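A.B. asks: coords please:
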Amino acid sequence: MSELAFASATELAAKIKNKEISAAELLQHYLDRVDKYNPELNAIVVDMREQALTEAAAMDAALARGELSGPFHGVPMTVKESYNVAGTPTTWGNPEWRDNVTTEDAESIKKLKAAGVNIFGKTNVPLSLADFQSYNDVYGTTNNPYDHSRVPGGSSGGSAAALAAGLTGIETGSDIGGSIRNPAHFCGIFGHKPTYNLLWIRGHAPPGDVRSASDISVIGPMARSARDLDTALRAMAGPDDISARGLQLNLPEWRGRSLSELRVAVWKNDENAPVAKEVEARVDLVAQALRDAGASVDEDARPAFTGEHSNDTYSRLLQATMAMRMPDEDYESLKKYVAGLDPSDNSQGAKVLRAQVSSFKDWGEANELRHHLRWQWHEFFKTHDILVTPIMATAAFSHDHRKFGERTLLIDNQERPYFEQVFWAGLTGVSYLPSTVIPTGLNGEGLPIGVQIVGPEYDDLVTIGIAAELERLGFVFTPPGAYRD
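C.D. replies: Residues are numbered from 1 along each chain as shown. Model prediction:
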């Protein structure tokens, strides 16, 4: 039955529609796997099974009447803990928010339910969604299904681990610094970081009726196939209710095009954030597959800015945004500490701290630089259709719960700063670009490695479509051996 557990959501929906299996039977299949495997994995941390079993029975009754609720009718789904799902806690891994039980679904959850999913649980995150790992004092630590001694990524680590272990049909995460993309890479699945504000983010929020969209941050789908990303994105995308008065979606489509038409740029390594040779080799592998399919591939093409400048701009904006999540007392203490820094201290640590308490003038200057980057990418994509890059420096690394300042990553036997690798997420994230991560298979240690496909703003269905083409060429999800039964 492992084939069923690891099937795509599209395949699962077809089985339900064709009455090869009922929604209730499929849900029970996943619940049995959750009971068997989740205790050691700790990916699913909020249980909604009773509600989901009732919903599955209702979906089966509807199907018997000839009624389909959407393309994912009856597909069991878990969602990242940071989404509001009525009747469940939304803590963001913060013990102080343990009792924050929400009363209304996030807007994207409403849309997914309208597409037919049956939500039966929520998945683990790091504290404040701010780590490449997924552990917190509310729910504990999530392990990587390919090796429990290693991380599943973060902040959508529970989402990726549940998908890879065959515990759920489809997932949805969020991304400000690679939080969809690095877990997809570490767990060998597909993940899509959408164009900024393409998906209405309301309801993916800490306590309070937060209606504003956090800078850089997006929500987006995660799955075991590219086609699932396409269907989920179409279901979730669209303007908010105010903007919908005058705006509607008209996204470019991949359908009908050929890989032989593509103009591909490759950015496979960078001195600002070096990646391991085996990761660089996977970028080469994807580039060669596109070249073999007839695409033109340019490994020297770059937009008209340096990686260092882009990363500095991203860091300034990211740190200011992340600091908004601090408790007021901690923020005031940080402001006092920064005020006491030596004005001549231009170390990276000092820059980060100053950015966290930046003035509106400082933030506005960084925002202006960001929009220059956006227009430089716009010019770049007039001559190139996509960019292929790494998303992280290594395959999944070992759990490390030390303080952030004490952590490093070992890259080809060289120690590098822990958060240096956010470079690859920020390169495109700061400029609002869509990015689809695809699996490229397992390394010699049996660990997945992913690669990201980046396109111009609103080319989301194009990057996902290219991911689907590469999936047909063999870049597929590979289930972890310990979970195939």
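A.B. asks: so residue 483 makes contact with residue 166?
C.D. replies: Yes - between residue 483 and residue 166 there is a contact at 5.5 Å, judged by Cβ atoms under 8 Å. Where you see a C-beta, it was placed from the backbone N, CA and C, and this is true even at glycine.
A.B. asks: surely residue 370 touches residue 317?
C.D. replies: Yes - counting by Cβ under 8 Å, residue 370 does reach residue 317; the two are 6.2 Å apart.
A.B. asks: give me the neighbour count for residue 104.
C.D. replies: 14 (other Cβ atoms under 10 Å).
A.B. asks: and it, helix, strand or coil?
C.D. replies: Three-state assignment for residue 104 (DSSP: H, G, I helix; E, B strand; the rest coil): coil.
A.B. asks: same thing with residue 92?
C.D. replies: Secondary structure, three-state DSSP: residue 92 is coil.
A.B. asks: for this protein, longest helix please?
C.D. replies: helix 360-380 (DSSP state H).
A.B. asks: beta partners of residue 219?
C.D. replies: Assessed by DSSP bridges, residue 219 has beta-bridge partners residue 174.
A.B. asks: report the contact partners of it.
C.D. replies: By Cβ atoms under 8 Å, 6 or more residues apart in numbering, the contact set of residue 219 is 83, 108, 172, 173, 174, 175, 194, 199, 201, 204, 236.
A.B. asks: how does it look with 6 Å?
C.D. replies: By Cβ atoms under 6 Å, 6 or more residues apart in numbering, residue 219 lies in contact with 108, 174, 199, 201, 204.
A.B. asks: looks to me like residue 437 is in a helix.
C.D. replies: No - counting by three-state DSSP, one finds residue 437 to be strand, located in no helix.
A.B. asks: okay, and the beta partners of it?
C.D. replies: The partner list for residue 437 in beta bridges (DSSP bridges) reads residue 191, residue 452.
A.B. asks: over to the one 5 residues further on?
C.D. replies: Each beta-bridge partner of residue 442 is listed here, defined by DSSP bridges: residue 448.
A.B. asks: how near is it to residue 164?
C.D. replies: 11 Å (Cβ to Cβ, to the nearest Å).
A.B. asks: comparing those two, which residue is more hemmed in?
C.D. replies: A side-by-side neighbour count of residue 442 and residue 164, using other Cβ under 10 Å, places residue 164 first with 31 against 16.
A.B. asks: ok, now how distant is the more buried one from residue 420?
C.D. replies: 25 Å.
A.B. asks: give me the phi and psi for residue 450.
C.D. replies: phi -110, psi 170 (degrees, to the nearest 10).
A.B. asks: excluding its backbone neighbours, what's nearest it?
C.D. replies: The shortest distance from residue 450 to any non-neighbouring residue, by Cβ to Cβ, 6 or more residues apart in numbering, is to residue 185 (3.3 Å).
A.B. asks: which outside residues touch the helix or strand hosting the one you found?
C.D. replies: Per DSSP states H and E, residue 185 falls inside helix 181-187. By Cβ under 6 Å, 6+ apart, the list of residues contacting helix 181-187 from outside reads 132, 152-153, 156-157, 160-161, 164, 191, 193, 391-392, 396, 425, 437, 450, 452.
A.B. asks: got the contacts of residue 219 as JSON lines, with neighbour count, pLDDT and secondary structure columns?
C.D. replies: As requested, the contacts of residue 219 are exported to JSON lines (neighbours: other Cβ atoms under 10 Å; pLDDT from 0 to 100; DSSP: H, G, I helix; E, B strand; the rest coil):
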{"residue": "108", "neighbour count": "27", "pLDDT": "98", "secondary structure": "helix"}
{"residue": "174", "neighbour count": "24", "pLDDT": "98", "secondary structure": "strand"}
{"residue": "199", "neighbour count": "28", "pLDDT": "98", "secondary structure": "strand"}
{"residue": "201", "neighbour count": "23", "pLDDT": "97", "secondary structure": "coil"}
{"residue": "204", "neighbour count": "28", "pLDDT": "97", "secondary structure": "strand"}
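A.B. asks: flag every buried residue along stretch 471-478.
C.D. replies: Residues of stretch 471-478 classed as buried by neighbour count (16 or more other Cβ atoms under 10 Å): 471, 475, 476, 477, 478.
A.B. asks: actually stretch 285-292, not the one I typed
C.D. replies: Neighbour counts over stretch 285-292 (16+ other Cβ under 10 Å) mark 285, 286, 287, 289, 290, 291 as buried.
A.B. asks: what residues are up against the most centrally placed residue in the chain?
C.D. replies: With distances taken as Cα atoms, centre = their mean, residue 180 lies nearest the centre of the chain, 1.1 Å away. Contacts for residue 180 (Cβ under 6 Å, 6+ apart) come out as 156, 173, 191, 193, 220.
A.B. asks: residue 9 now?
C.D. replies: 72, 75, 169, 170, 228.
A.B. asks: and the second one, backbone torsions?
C.D. replies: Read that as residue 75. The phi/psi pair for residue 75 (degrees, to the nearest 10) is phi -70, psi 120.
A.B. asks: check the last one too.
C.D. replies: Residue 228 adopts backbone torsions of phi -60, psi -40, taken as degrees, to the nearest 10.
A.B. asks: cool, the third one as well?
C.D. replies: With angles defined as degrees, to the nearest 10, residue 169 sits at phi -90, psi -30.
A.B. asks: just to revisit the earlier point, comparing residue 370 and residue 317, which residue is more hemmed in?
C.D. replies: When residue 370 and residue 317 are compared for neighbours, residue 317 comes out ahead with 22 against 19, by other Cβ under 10 Å.
A.B. asks: for the host helix or strand of that one, which positions count as buried?
C.D. replies: Assessed by DSSP H and E, residue 317 sits inside helix 307-323. Neighbour-count burial for helix 307-323, with 16+ other Cβ under 10 Å as criterion, is recorded at 307, 310-323.
A.B. asks: could you say what helices and strands it packs with?
C.D. replies: helix 348-356, helix 360-380, helix 423-429 (3 or more Cβ pairs under 6 Å, 6 or more residues apart in numbering; DSSP states H and E).
A.B. asks: got the domain boundaries for this structure?
C.D. replies: Segmentation of the chain into domains, based on automatic domain parsing, reads 2-258, 307-379.
A.B. asks: rewinding a little: pull the residues that contact the next helix or strand after the helix holding residue 317.
C.D. replies: For helix 307-323, the succeeding helix or strand toward the C-terminus, using DSSP H and E, is helix 328-339. Identification of contacts with helix 328-339 by Cβ under 6 Å, 6+ apart yields 353, 354, 357.
A.B. asks: buried ones among the residues you listed?
C.D. replies: 353, 354, 357.
A.B. asks: for residue 208, state which of these is nearest.
C.D. replies: Taking Cβ to Cβ as the measure, residue 208 lies nearest residue 357 of the buried ones among the contacts of helix 328-339, at 21.4 Å.
A.B. asks: was I right about residue 217 contacting residue 177?
C.D. replies: No - using Cβ atoms under 6 Å, residue 217 is not in contact with residue 177; the gap is 9.0 Å.
A.B. asks: of the two, give the one with the bigger neighbour count.
C.D. replies: residue 177 (28 against 20).
A.B. asks: follow-up on the earlier one: relative to residue 432, which of the domains of the chain is closest?
C.D. replies: Using Cβ to Cβ, these put domain 2-258 closest to residue 432, at 3.7 Å.
A.B. asks: quick one: end-to-end length of that closest one, please.
C.D. replies: End-to-end distance of domain 2-258: 33 Å, with Cα to Cα, to the nearest Å as the criterion.
A.B. asks: next: stretch 193-201.
C.D. replies: Span of stretch 193-201 from end to end, Cα to Cα: 13 Å.
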